[in-house]
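Student: Let me see the structure of the following:
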Amino acid sequence: MKNARQDAIAAVTNYHSNGAALDFRKTPSGEVFAANVFSDQVMKDRLPKPVYKALQKTIKHGARLEPNIADAVALAMKDWAIEKGATHYAHVFYPLTGITAEKHDSFLNPTDDGSAVAEFGGKELIQGEPDASSFPSGGIRATFEARGYTAWDPTSPAYILENPNGTTLCIPTAFCSWTGEALDKKTPLLRSMQALNKEATRILRLFGHKDTTPVMASAGPEQEYFLIDRNFYFSRPDLITCGRTLFGAKPPKGQEFEDQYFGAIPERVLACMLETERELYKLGVPVKTRHNEVAPSQYEIAPVYENANVATDHQQAIMLTLQNVAKKYGMACLLHEKPFAGINGSGKHVNWSLGCNLGNLLEPGATPHDNAQFLVICAAVIRAVHLHSDLLRVAVAFSGNDHRLGANEAPPAIISIFLGDQLADIFEQLEKGDAKSSKQAGTLTVGVDTLPPLPKHAGDRNRTSPFAFTGNKFEFRAVGSSQSIAGPLVVLNTIVAESLDYIATRLEQGTGGDPGKLNAEVQKVVQEIAARHKGIIFNGNNYSEEWHHEAENRGLPNLRNTLAALPALLAPKNIAVFSKYGVLSEREVHSRYEIYMERYCKDIHSEASCALSMAKTMILPAAYRYQGELAGTAASLKAVSMNAHLGTLESVTELVAELEETIDKLDEALEHHVSGDVAAHARHYNDTVIPAMTAVRTVADKLEQIVADDLWPLPTYREMLFIK
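Tutor: Model (predicted):
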């Protein structure tokens with residue numbers, strides 16, 4: 001008797017691609033890039049010159065948007081979109097569910113004579129009105145208070161979304177309630193970028209730069225993901241429901257041979273990658289890198305870093321495109337942080353910097369010890385991370401990331417900074433007095449005459465650090481693969497803005513407007529920061545037990561899981577920093593705490609319910625059948641006076657009894673109703689439901705290694721990870 005698992009294996013091994021090959025010779029990638037974007041060049045060509053200039057002031061210089069230009073922009077946008085085949089427009093927004101949301105409206109409006117005309121004006125461009133009652137608000141809006149608004153974000157370009165049956169004009173927007181409070185990811189991000197620009201500009205003015213463009217935070221997120229065949233995916237209720245496997249014994253081979261990382265990309269996977277990149281190029285997403293990751297069936301795609309707001313929107317597009325294109329190649333894209341136990345999970349390393357027309361402000365230059373402006377900004381980041389490491393931990397706290405943080409492919413839950421040999425040496429010099437030298441980059445000689453000398457960086461990298469300086473940017477490596485990067489960027493922008501504000505105020509007061517006193521004041525402030533905040537700097541092995549003890553001695557928080565981390569969001573100092581810079585009000589902070597706690601409870605409840613169902617209806621029946629077969633064999637042997645070896649039957653019988661017991665305990669844990677606030681419910685899920693779910697898995701995984709292969713109902717790790 002065949003089961004769904006065996007049917008899936010047969011379908012995978014007989015897979016043939018039906019897709020037409022892309023012809024990159026006929027249409028080079030350069031011609032495709034941003035073809036579906038209402039880009040600067042499109043605006044320049046289609047908008048009246050005064051309108052174009054006014055809009056550019058908003059996009060590039062942060063000027064307030066003039067409402068009277070909206071009609072002209074809307075007309076040009078509509079004509080361009082219709083030429084691209086669009087029949088509808090959509091306000092795209094990013095609610096606190098973490099997904100990309102859309103509300104589509106047709107361009108067509110009926111006329112009195114029974115026909116219809118395409119209409120799209122400034123009013124429709126600037127503002128939409130989706131129902132806000134069904135999105136999480138954390139108490140900001142009651143269910144009966146439904147009104148919410150989407151507001152056009154002109155700093156993130158509109159684009160065309162293609163579909164086999166037409167196209168849609170997509171307009172990135174912010175999403176807020178009728179009371180003006182943020183119900184989304186974009187609004188706080190834009191506020192935080194505004195705050196960062198204001199405080200960074202104060203620093204630049206102190207260094208004599210009077211006419212700079214706005215200082216923009218930039219981001220370049222590296223997206224890790226898994227690809228498995230869709231036949232396996234649809235044979236696993238846990239993958240469909242939870243995005244990760246709730247059961248699965250360790251395969252005979254995992255990643256221990258280290259033969260997946262940067263290996264040759266399988267043909268089917270590479271074809272999927274090429275089409276994914278092609279679709280992203282059309283949307284102006286500057287994807288640059290692709291490669292095999294460490295775990296089997298794990299891969300990475302990485303863009304060049306860009307304006308943090310646009311990068312956040314593009315990151316959402318990357319995740320959607322990966323999932324949509326994978327289907328065309330008979331695969332499922334898994335974005336969960338830990339789809340498979342025992343091998344590496346997936347993160348989203350966010351490379352962060354800030355810059356303006358002066359260039360990258362975190363570029364150290366050839367002699368960083370002499371680069372006072374760089375040292376001030378770098379010191380601000382160090383101070384910010386030390387004072388608010390708990391907030392950075394909150395920004396990556398959710399149930400999926402709990403499975404990953406602290407494992408060998410991800411940084412620990414302790415937030416620290418890796419500076420590298422060169423910068424660590426400079427800040428040690430500054431702490432003692434004055435920095436007089438910088439360790440210089442050298443040349444690496446490989447020892448093969450035919451190979452050229454290679455430039456060598458002044459310091460090595462540290463892949464165990466959660467927050468590492470990597471030459472001219474910081475890399476926040478604790479971000480989860482499935483989450484929006486907006487939350488981490490909001491925190492990072494806000495806390496750095498606060499530190500820049502602190503330093504600017506100190507320098508303004510210390511110099512009294514006299515530029516001649518600047519160097520001496522910079523020396524004082526940076527020296528103070530180097531001494532007071534050196535505890536956050538760690539260049540060693542973040543995985544070691546020694547570091548955990550050392551971090552505790554330094555007073556660094558170790559918020560091991562979501563339940564431990566989220567309360568830090570409500571710390572008075574954290575509410576104060578968000579409120580001071582207008583990023584989140586106290587009410588908005590509290591709402592997010594409620595939403596994140598509720599989401600944690602829902603995630604665990606969904607996983608536990610799915611595990612319970614699978615254990616009862618799939619795993620236990622398979623174990624019963626095998627137990628029956630063994631018992632029947634033993635009875636048959638006894639009937640012909642032959643001795644039966646009962647060791648396997650006894651093992652299976654013990655495990656079946658244990659599985660029944662753990663199922664009952666999980667059922668009881670899910671049925672138990674907790675009184676109290678959302679934190680009490682979260683504690684119940686963390687302290688009772690998760691251990692009960694783990695106990696069921698432990699027994700089930702043992703059974704998988706004993707039950708006859710033809711009876712086991714679930715595709716195994718061996719099959720999902722290695723059959724392509």
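Student: Pick out the residue nearest the middle of the chain.
Tutor: residue 483 (3.7 Å; C-alpha atoms, centre = their mean).
Student: That residue and residue 353, how far apart?
Tutor: Residue 483 sits 20 Å away from residue 353, going by C-beta to C-beta, to the nearest Å. Using the backbone N, CA and C atoms, a C-beta is placed for each residue, glycine as well.
Student: Low-confidence ranges, the stretch 351-500 of the chain, go.
Tutor: In the predicted model, the stretch 351-500 of the chain carries pLDDT under 70 at residues 406-409, 441-447, 449-450, 454-460.
Student: before we move on, what about the chain?
Tutor: Ranges of the chain meeting pLDDT under 70: 1-2, 19, 141-146, 406-409, 441-447, 449-450, 454-460.
Student: hey, which helix is longest across it?
Tutor: helix 586-614 (DSSP state H).
Student: residue furthest from the geometric center of this protein?
Tutor: Distance-from-mean max, the chain, by C-alpha atoms, centre = their mean: residue 641 at 64.3 Å.
Student: Report whether that one is found in a strand, as I expect.
Tutor: No: with DSSP: H, G, I helix; E, B strand; the rest coil as the criterion, residue 641 is assigned coil and is not in a strand.
Student: Could you check how far it is from residue 51?
Tutor: 98 Å.
Student: Please list the outside residues in contact with stretch 298-307.
Tutor: 155, 216-227, 260, 265, 269, 273, 276-277, 285-293, 311, 314, 318, 322, 343-344, 346, 351, 353, 473 (C-beta atoms under 8 Å, 6 or more residues apart in numbering).
Student: can you give me the strands in the stretch 201-350 of the chain?
Tutor: 216-229, 287-292, 298-303, 306-307, 331-334, 348-356 (DSSP state E, counting those that start in this stretch).
Student: okay, these in a markdown table with distance to residue 46 and mean neighbour count next?
Tutor: Shown next, in a markdown table, are the strands of the stretch 201-350 of the chain (distance: least, C-beta to C-beta, whole Å; neighbours: other C-beta atoms under 10 Å):
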| stretch | distance to residue 46 | mean neighbour count |
| --- | --- | --- |
| strand 216-229 | 25 | 24 |
| strand 287-292 | 27 | 15 |
| strand 298-303 | 27 | 22 |
| strand 306-307 | 22 | 18 |
| strand 331-334 | 36 | 24 |
| strand 348-356 | 28 | 23 |
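Student: Quick check: the closest residue to residue 178 other than its chain neighbours vs residue 337, distance?
Tutor: Excluding its sequence neighbours, the residue lying closest to residue 178 (C-beta to C-beta, 6 or more residues apart in numbering) is residue 147, at 4.1 Å. From residue 147 across to residue 337, the span is 35 Å (C-beta to C-beta).
Student: of those two, who's got more company?
Tutor: Neighbours were counted for residue 147 and for residue 337 using other C-beta atoms under 10 Å; residue 337 has more, 28 against 13.
Student: List the contacts of that one.
Tutor: Applying C-beta under 8 Å, 6+ apart, the residues near residue 337 are 244, 345-347, 400-401, 403-404, 480-482.
Student: Adding distance to residue 660 and neighbour count, write the residues you listed out as TSV.
Tutor: Below are these laid out as TSV (distance: C-beta to C-beta, whole Å; neighbours: other C-beta atoms under 10 Å):
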residue	distance to residue 660	neighbour count
244	25	23
345	31	26
346	34	26
347	38	28
400	30	22
401	33	26
403	27	18
404	32	21
480	35	29
481	36	27
482	34	22
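Student: Show me which of those is closest to residue 178.
Tutor: The closest of those to residue 178 turns out to be residue 482 (C-beta to C-beta; 30.3 Å).
Student: Next up, phi/psi of the nearest residue to the closest one once chain neighbours are set aside, please.
Tutor: Of all residues not flanking residue 482 in the chain, residue 335 sits nearest, at 4.3 Å (C-beta to C-beta, 6+ apart). For residue 335, the backbone dihedrals (degrees, to the nearest 10) come out as phi -100, psi 0.
Student: Residue 335 against residue 400, yeah?
Tutor: No: when contacts are counted by C-beta atoms under 8 Å, residue 335 is not listed as touching residue 400 (9.0 Å).
Student: Look up how far residue 167 lies from residue 87.
Tutor: From residue 87 to residue 167 the distance is 8 Å (C-beta to C-beta).
Student: Overlap of the contact sets of residue 335 and residue 400?
Tutor: Residues touching both residue 335 and residue 400 (C-beta under 8 Å, 6+ apart): 243, 482.
Student: Work out for me the element residue 196 sits within.
Tutor: Residue 196 belongs to helix 186-206 when elements are defined using DSSP states H and E.
Student: Give the other helices and strands that that helix contacts.
Tutor: strand 166-177, strand 216-229, helix 308-328, strand 348-356, helix 372-387, helix 486-511 (3 or more C-beta pairs under 8 Å, 6 or more residues apart in numbering; DSSP states H and E).
Student: got the buried residues for the longest one?
Tutor: By neighbour count, and taking 16 or more other C-beta atoms under 10 Å as the criterion, the buried residues in helix 486-511 are 486-504, 506-507, 511.
Student: and if you look at the first one?
Tutor: When burial is assessed from 16+ other C-beta under 10 Å, strand 166-177 yields the following buried residues: 167-177.
Student: And the residue lying closest to residue 429 once chain neighbours are set aside, how close does it get to residue 581?
Tutor: Closest residue to residue 429 apart from its sequence neighbours, by C-beta to C-beta, 6+ apart: residue 435 at 4.0 Å. Distance, residue 435 to residue 581, by C-beta to C-beta: 30 Å.
Student: which pair in the contacts of residue 337 spans the largest distance?
Tutor: Farthest pair in the contacts of residue 337, by C-beta to C-beta: 244 and 347, 14.5 Å.
Student: chain center to stretch 626-635: distance?
Tutor: On the basis of C-alpha atoms, centre = their mean, to the nearest Å, stretch 626-635 sits 50 Å off its chain's mean C-alpha point.
Student: Likewise for stretch 67-81?
Tutor: Mean C-alpha position of stretch 67-81 versus that of the full chain (C-alpha atoms, centre = their mean) differs by 33 Å.
Student: Dump the C-alpha coordinates for it into CSV.
Tutor: Extracted in CSV, the C-alpha atoms of stretch 67-81 (Å, rounded to 0.1, in the frame of the first residue of the first chain):
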residue,chain,number,x,y,z
PRO,A,67,-0.5,68.3,-2.2
ASN,A,68,-1.1,70.4,-5.4
ILE,A,69,1.4,68.3,-7.4
ALA,A,70,-0.5,65.1,-6.7
ASP,A,71,-2.9,65.4,-9.6
ALA,A,72,-0.1,65.8,-12.2
VAL,A,73,1.8,62.8,-10.7
ALA,A,74,-1.3,60.7,-10.6
LEU,A,75,-2.1,61.4,-14.3
ALA,A,76,1.5,60.5,-15.4
MET,A,77,1.5,57.4,-13.2
LYS,A,78,-1.8,56.2,-14.5
ASP,A,79,-0.9,56.7,-18.2
TRP,A,80,2.4,54.9,-17.7
ALA,A,81,0.7,52.1,-15.9
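Student: List the buried residues of that stretch.
Tutor: 69-78, 80-81.
Student: got a list of contacts for it?
Tutor: 38, 42-43, 46-48, 51, 54-55, 89, 107, 118-126, 152, 154, 158, 160, 167, 169, 171.
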